[in-house]
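[1] Pasting the sequence and the predicted model now:
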Amino acid sequence: MNSVSSGALGLEVRQLRVVYDGFTAVDYASFCVAPGESFGIVGESGSGKSTVLRAICGLAPKASGTVQLVGGSSGEASAAQPTPGSKAFSRRVQMVFQDPYGSLHPRQTVDSLLAEPLAIHGIADAETRIERALNEVGLGQGFRFRYPHQLSGGQRQRIAIARALILEPQILLLDEPTSALDASVQAEILNLLEELRRLRNLTFIMVSHDLAVVTHLCERLLVMQRGHSVELLAAADLAARRVSQPYTLSLMQAASGFRRGQ
Amino acid sequence: MSSAASPLLIVEDMRVAFPSRDGGLREAVRGVSFTLGRERLGLVGESGSGKSQTGRAILGLSAPESRVSARRLEFSGIDLLNCPPKQRRTLRGARMAMVLQDPKFSLNPVMTIGAQIVETLRAHRRVSSKEAKAQALAALESVRIDDPARVFKLYPHEVSGGMGQRAMIAMMLIAEPDLLIADEPTSALDVTVQLQVLSILDALVKERGMGLMLVSHDLRLVSTFCDRILVMYAGRIVEELAAGGLADARHPYTRGLMACLPQLGASTHPLATLERQPEWAL
Amino acid sequence: MSHSNPSTIASQPAPGNGLSLASAAALSAHTPHPAGQSESLCAWLMSEQPRSRRQAALGRAYSGWRTFARNRLALLGLLIVLALGLTALFADLLAPYSAYSGDLRSTRLLAPSWSHWFGTDDQGRDILSRLMLGSRITLFVVALVAVLAAPIGLLVGTVAGYAGGLVDAALMRITDIFLAFPRLILALAFVAALGPGIENAVLAIAITAWPPYARMARAETLSIRQSDYIAAVRLLGASPGRIVLRHIMPLCLPSLIVRVTLDMAGIILTAAGLGFLGLGAQPPMPEWGAMIANGRLYVLDQWWVAAAPGAAIFTVSLAFNLLGDGLRDALDPKAAP
């Protein structure tokens, strides 16, 4: 379709540290995401998982560490890759936010929301691209001139995904994309994300507190607690309980529900 | 399970309607009927199913523009719809209480936690302030807060979500109500904290023989915690299940809801999705 | 997950599970649209599926209008303001007599009667005609101050709020300086320097009117800045200028509009006060404040000379207040649009 010709892109994070006013949100996180891989970051609130994502795309200030894009078309040297915060970077890496009610501008129609990235980067034939973007996320053209408050949570999240993908990035950052949605809508959105990843050969980095969702969508995951990296393991290992850290085990046990008399 | 004596709460054909944009009335709750004894009842549904509105209507906390009607709405023999407002107010807090979702928004941000608990107690009992403080500290201890004296003086924004929710439970239970309605009490909390809060609720409910109505969207969590589960869809109760009886669910909505959840280690690709049938909403 | 709109969901074809992309597109093509000519304007505006930018924007405006119109007092305020506008526009045609010349022998200080609805003043001029002509001046002052002060305040406030740091501090200190000036004293200073006149009065008012708007815009910007949609558009590569202009300012406009409308009453009173002191419009301009100043000499026996312009100021100020209140309710983003 489009970006497949430029090949998938990977990401390398080394010794990332994010400090807010003396509080260490992320303490030396390091991991590699291979091109085309689906990588998950799991943790509870305060674990720093969302902060890692924001630091990757330049929305949170880095105290130290590097974020490097790897791979790409014609094997560009690492030094030639765009850095977070630059316009070229925003064409390679995009993000879908958690709260569908907060990530769309309340005064803009779906049409202007989708036209905005195209206008910023000076991309022509906006009409066709917007129509295509809406179709790709399973929404018809009837949604094009609605305002966000006229959409349901699932529909808003689809628009957010359409907006993220309209620039045809190669890496998609997902910050708890389904935790604010009903279970039935979550299933639809997860299916949509899987399909889009397959079609466009995207690299995913997904953050969630829900182990089931993360193991469903991701191949490898990083477990974080209070800013520290606890364990890096494959999703299959987690599902089979082949974990090495007690914290990870406690997360798994908590996910299985309440046990009477405990 | 249900007590042999008459049930605590009887709801028959309850309806809650709101004025809609074009001037008509839109029913959020359309004829809900159930009874609640001294047991744990779970009310499960997605957003828009009317579950929160049901809980609020029972307590009389619906929005002022709403219209609540029912063939029967009785608590411990008292007709809630036709009793004088003063009596309803006295019942609220003293005999019927509610725990809400996010302690950030449900606790008063400008009062210390201790002051709020004391206020609740003194609204329903005549106690001296020294006695009230002692009881408040005891209440904080009963929800397994380690240093009650310290937390007593803290403001809601200074404590974590889990602790705030436990403080809210302490505040709601200090007047020893018979019925507790918990509206998504753990949805804003981390998974590990969720279980802690639920086990506190479990212990308190068992000790005091309270009736508990747990409103939630999390079908799996509710099925592990409650004795009975009511599944709501579009303002109606579509199914009633016993604890651990999720596998025997018969209504296609319940089955569909369970099928679309990703499972740790046993997910299907793609996930089954819920195809809503119009006849479910009838 | 506390909000949902079942009627919206029910009226849409189910979005599909992402696999049937083609069928979703086909579905949208078959979604029934009411036939063009036969649907009423109201239905077209209130449609849940607008088919163009224009329809969506008009629909939204219409919905805001309906909320506004539910408030009777606000409608009254709007009517009075519109009447003011029309009077100012057609004053020449509507005024029964001349506002500038009067007959000292026959029409001096006449009581209100059928021929002179509000009586005549000490120069024999018909007060009603003077009020009508004076409405032009009132409108001129109000419009000019709004046009000068509001954009400056909005710009300073949003830039300060978004930029933060040194820029924010500098702009806010400048705002503080302007806020420190009392309006009337500044007007006196202007008059002393530049001479009396309505333009200088307007300038003085405008210079002291913008700081509160800047403060308000900055406060709104500070909270908007944290939201995810601003983060999203930053991530898309938008420059700060674009973000402030296209994404933040439109959100600050509603409260700014309400604030300006509510301030109009104060501006009218200040202009009248300046006129009363002789610092604003100069005779024979029929400015309402100057008319009151004139009438105070005769207030005991010929009360109408001061009372008529006073009532006019009161009515228009009240009208702007009611309008502002109604606008605030209609533009409140928290109320369902």
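    Yep, it's here.
[2] And for the residue nearest to C:A307 when sequence neighbours are not counted, the neighbour number?
    Nearest non-adjacent residue to C:A307, counting by CB to CB, 6 or more residues apart in numbering or on different chains: C:G295, 7.6 Å away. Heads up, the C-betas are built off the backbone N, CA and C, glycines and all. Look at C:G295: counted by other CB atoms under 10 Å in any protein chain shown, it has 21 neighbours.
[3] and the residue of the stretch 1-150 of chain B found nearest chain A, what does it touch?
    Across the stretch 1-150 of chain B, no residue is closer to chain A than B:E46, which sits at 4.1 Å (CB to the nearest CB). Going by CB atoms under 8 Å, 6 or more residues apart in numbering or on different chains, B:E46 touches A:D182, A:A183, A:S184, B:H217, B:Y233, B:L257, C:M1.
[4] Swap in 10 Å and give it another go.
    Contact analysis of B:E46 by CB atoms under 10 Å, 6 or more residues apart in numbering or on different chains lists A:181-185, B:217, B:219, B:232-234, B:253, B:257, B:274, C:1, C:4.
[5] For the stretch 151-282 of chain B, which residues are neighbours of chain C?
    Contact residues, the stretch 151-282 of chain B versus chain C (CB under 10 Å from any CB of the partner chain): B:184, B:187, B:217, B:234-235, B:260, B:270-276, B:278, B:281.
[6] returning to that earlier point: what's the residue of the stretch 1-150 of chain B closest to chain A sitting at in phi/psi?
    Backbone torsions of B:E46, given as degrees, to the nearest 10, read phi -90, psi -180.
[7] per-residue confidence for it?
    pLDDT, B:E46: 90.
[8] how near is it to B:I229?
    As judged by CB to CB, to the nearest Å, B:E46 and B:I229 stand 14 Å apart.
[9] Longest helix in the chain, please.
    No chain was given, so I picked chain A. Using DSSP state H to define each element, chain A has its longest helix at helix A:183-200.
[10] The intended chain is chain B.
    Across chain B, the helix with the greatest residue count (assigned by DSSP H) is helix B:191-208.
[11] does any bit of that one sit next to chain A?
    Yes. Helix B:191-208 reaches chain A (CB under 10 Å from any CB) through B:V191, B:T192, B:V193, B:Q194, B:L195, B:Q196, B:L198, B:S199, B:L201, B:D202, B:A203, B:K206.
[12] For burial, what's the neighbour tally of residue 194?
    Just so you know, I chose chain A. For A:E194, the tally of surrounding residues (other CB under 10 Å) stands at 19.
[13] um, chain C though
    12.
[14] same question, A:S47
    Close neighbours of A:S47, defined as other CB under 10 Å, add up to 24.
[15] Checking the residue lying closest to it once chain neighbours are set aside next. Helix, strand or coil?
    In space, and not counting its chain neighbours, A:S47 is closest to A:M224: 4.2 Å by CB to CB, 6+ apart. A:M224 carries the three-state label strand when classified by DSSP: H, G, I helix; E, B strand; the rest coil.
[16] What of the one 5 residues further on?
    Classification of A:S229 into helix, strand or coil gives strand, according to three-state DSSP.
[17] dump the residue contacts of the nearest residue to it once chain neighbours are set aside.
    Of all residues not flanking A:S229 in the chain, A:A29 sits nearest, at 5.3 Å (CB to CB, 6+ apart). Residues near A:A29 by CB under 10 Å, 6+ apart: A:13-18, A:41, A:48-49, A:51-52, A:55, A:65, A:222, A:224, A:227-229.
[18] Pull up the per-residue confidence for C:S4.
    41.
[19] Please apply the same query to the one 5 residues further on.
    On pLDDT, C:I9 comes in at 37.
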